[in-house]
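Asker: Everything below, folded, please.
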Amino acid sequence: MRKKKTYAVFGLGRYGKAVATELVDAGMEVLAVDTDQKKVNDLAAILPICKCADVTDPEVIARLGVADINTVIVCMASDLEASVMAVTLCKEAGVKTVIAKCATEMHQKILLRVGADEVVFPENESGVRLAKNLLSSGFIDMISLSKDTSIVEIEIKPEWVGKNLIELNLRKKHGFNVVAIREGKKVTVDIDPEQPLSEHITLIVLANTTKLAKFK
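Answerer: Below is the predicted model of the structure:
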């Protein structure tokens, strides 16, 4: 059985709180950290692993076990120096994916230069949407229609190539309703279910958000 992905969220302002709670609600293991003890106390009831700590300290990073976490989201855009230190220490610790929230394009360039794998602007990417996209690993994009339903663009798996939608039966196996096929910039909604799928296309599907979190 594949080991469950683990996440850490540094900074529990509105954005960080949204990311952390969305991941926790989906059943993920999340380490939530902030330097403000009041925020930690307020969120302890909804975030099981919530700690007050300074993530710009190498000893703290080691003590928190960050090296064993798959993805760290640094949500401290108002403090560039702290963000840079946190990103740097996480990458030095061996964290595979570090995502940082930023305030300006200049901050974005700096954070990418010191090792961030992805940088998001809060005005363009809500915390909830970021969390949903993390949960939908293997998907190209996700748009929430409601709490329970999303439209997702899915890459074709190697084992799907050459098979058609009837053979794959994605609705029965994964609860996915294929609504369109994209090939480059062309989107086709009039789908032939008997047409073999090629590796160059993606599927646009309507699906239950909970089932998406389980799909890998």
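Asker: Do a quick rundown of the strands in this protein.
Answerer: For the chain, the strands defined by DSSP state E cover 6-10, 29-34, 49-52, 71-74, 97-101, 118-120, 139-144, 149-155, 177-183, 186-188, 202-208.
Asker: now for those strands, which one comes closest to Val161?
Answerer: Nearest to Val161 among those is strand 149-155; the distance by Cβ to Cβ comes to 11.1 Å. The way it works is simple: take the backbone N, C-alpha and C, and place the C-beta from them, glycine included.
Asker: so Gly175 touches Ala207, yeah?
Answerer: Yes. Counting by Cβ atoms under 8 Å, Gly175 touches Ala207, with 5.7 Å between them.
Asker: Compare the two (neighbour count), which wins?
Answerer: When Gly175 and Ala207 are compared for neighbours, Ala207 comes out ahead with 25 against 16, by other Cβ atoms under 10 Å.
Asker: Just the pLDDT for the residue nearest to the more buried one when sequence neighbours are not counted.
Answerer: Distances taken as Cβ to Cβ, 6 or more residues apart in numbering put Phe176 closest to Ala207, at 4.9 Å, once the chain neighbours are dropped. Phe176 carries a pLDDT value of 84.
Asker: again, but for the one 4 residues further on
Answerer: pLDDT recorded at Ala180 is 82.
Asker: That one - how many residues pack around it?
Answerer: 16.
Asker: Can you give me every residue that contacts it?
Answerer: Ala180 is in contact with 187-189, 191, 203-204, counting by Cβ atoms under 8 Å, 6 or more residues apart in numbering.
Asker: residue ranges with poor pLDDT in this structure?
Answerer: Residues of the chain meeting the criterion pLDDT under 70: 1-3, 123-148, 209, 211-216.
Asker: now with 90?
Answerer: 1-5, 15, 22, 25-28, 77-80, 102-109, 114-115, 118-158, 170-193, 199-216 (pLDDT under 90).
Asker: hmm, back to that, any idea how far the residue nearest to Ala207 lies from Ile151?
Answerer: For Phe176, the distance to Ile151 equals 11 Å [Cβ to Cβ, to the nearest Å].
Asker: Looking at those two now, which is surrounded by more residues?
Answerer: Phe176 (22 against 16).
Asker: Does that one touch Leu168 like I think?
Answerer: No. Phe176 is beyond contact range of Leu168, at 9.2 Å (criterion: Cβ under 8 Å).
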